[in-house]
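Chemist: build me a model from this:
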Amino acid sequence: MKTIEPKKNKESTAKKILLALKKKKKDDPEKKEEPIDETKGMPATPNMPVLDCVIFILDWAKSKNISEIMDESHVRFHFICKGRGTASSEVLDLLGIGSSEKAVVICLEQNLMVPILIKRVSKTLNLHNPGAGIAFTVPLSGINKPILQVFKGSIHKNISDEEKKETGEGKEMSQKKHDLIVIVTNQGYSDELMTCAKEAGASGGTVINARGLIHQGPVKFFGITVQEEKEIILILTNRNNQVPIMQAISQNYGLATNARSIVFSLPAENISGIDLD
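Modeler: I've put the predicted structure just below:
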């Protein structure tokens, strides 16, 4: 008579095999898969580039020229927006500048290549001439991984010996202490706000029209109405003047006034095209 093996034994054997396979996969480090976090910055290592945010402010008529330089220099990420200078018409006439329209160019570049890029732009667009434009950098504290991986693919490539020497010379520029003061204010207050800033030690600034993305219509915080239309004012200054300028703006055009200004500063390095000392 044929003996039939109980199904219970077959099921227990199959469970043991599955458990063994799961354990092997768990213990194997090559099988582990972690989700990619695109928002977490990556620390700089010998195999990872250090990036800077490079900002150029120059006449709008030269925006096409600087865009061509960016393309020739293989700068992967650069953005151009329109702003206006805060110099009076008398000063513009004195400098021979017919318009105060400015191009604000923001780009990302490897720290090693920053002095080379600034030198190329300065030489081509004559930033050493008065009123021709300025350049400076703001260090980054983090960036998402996919963008960093783009730069990793070409780190330290296509740099000649002469350019490496230029990068060494460019490091001396970053020793001076400067700040970029950023003011977000209600529309229509930029001219009088800049007058106040100049009295406190500012040499000039650039205004960019902006729009607050808070909520449809005016919103109130602590009884203060927040308007949508804004002006962003960029003031480059040496560190000695940073506190007096920010204090003057906060006292005269801060949140308690109709201007409702927000003021903060960022460290600026590699200044070119203007003497702030």
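Chemist: from now on I want contacts and neighbour counts done on CA atoms only, so please keep to that.
Modeler: Will do.
Chemist: which other helices and strands contact the helix or strand where Pro244 lies?
Modeler: Assigned by DSSP states H and E, Pro244 falls within helix 239-253. When contacts are defined as 3 or more CA pairs under 8 Å, 6 or more residues apart in numbering; DSSP states H and E, helix 239-253 sits against strand 178-186, helix 190-199, strand 262-272.
Chemist: can you dump the C-alpha coordinates of the shortest one into PDB?
Modeler: I take that to be strand 178-186. Once non-C-alpha atoms are left out, strand 178-186 reads as follows in PDB (Å, rounded to 0.1, in the frame of the first residue of the first chain):
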ATOM      1  CA  HIS A 178      33.200  90.800   2.400                       C
ATOM      2  CA  ASP A 179      29.500  90.300   2.700                       C
ATOM      3  CA  LEU A 180      26.500  90.300   0.300                       C
ATOM      4  CA  ILE A 181      23.600  92.000   2.000                       C
ATOM      5  CA  VAL A 182      20.200  90.900   0.700                       C
ATOM      6  CA  ILE A 183      17.100  93.000   1.400                       C
ATOM      7  CA  VAL A 184      13.600  91.900   0.400                       C
ATOM      8  CA  THR A 185      11.300  94.900   0.600                       C
ATOM      9  CA  ASN A 186       7.900  96.000  -0.600                       C
END
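Chemist: which neighbours does that strand have in its sheet, and in what orientation?
Modeler: Sheet pairing for strand 178-186, assigned by DSSP bridges, gives strand 229-238 (antiparallel), strand 262-272 (antiparallel).
Chemist: show me what counts as buried in the shortest one.
Modeler: Applying a neighbour-count criterion of 16 or more other CA atoms under 10 Å, the buried positions in strand 229-238 are Lys230, Glu231, Ile232, Ile233, Leu234, Ile235, Leu236, Thr237, Asn238.
Chemist: pretty sure Leu234 is in contact with Val207, am I right?
Modeler: Yes - with contacts counted by CA atoms under 8 Å, Leu234 reaches Val207, the gap being 6.5 Å.
Chemist: pLDDT at Thr39, what is it?
Modeler: At Thr39, the pLDDT value in this model is 40.
Chemist: swap that for Phe79, please
Modeler: 91.
Chemist: how close does it sit to Val114?
Modeler: Distance, Phe79 to Val114, by CA to CA, to the nearest Å: 16 Å.
Chemist: who has more neighbours, these two?
Modeler: Val114 (23 against 12; other CA atoms under 10 Å).
Chemist: element containing that one, please.
Modeler: Element membership for Val114 (DSSP H and E) is helix 114-125.
Chemist: and that helix, what does it pack against?
Modeler: helix 63-72, helix 161-170, strand 262-272.
Chemist: nearest spatial neighbour of Ser63, chain-adjacent residues omitted?
Modeler: Residue nearest to Ser63 in three dimensions, not counting chain neighbours: Ala103, with 6.0 Å by CA to CA, 6 or more residues apart in numbering.
Chemist: ignore what I typed, I meant Asn209.
Modeler: Once flanking residues are discounted, Asn209 sits nearest to Glu231: 4.6 Å by CA to CA, 6+ apart.
Chemist: and for Pro244?
Modeler: Ala200 (5.9 Å).
Chemist: contact partners for Leu140?
Modeler: For Leu140, the contact set (CA atoms under 8 Å, 6 or more residues apart in numbering) comprises Leu51, Asp52, Cys53.
Chemist: no further questions, thank you.
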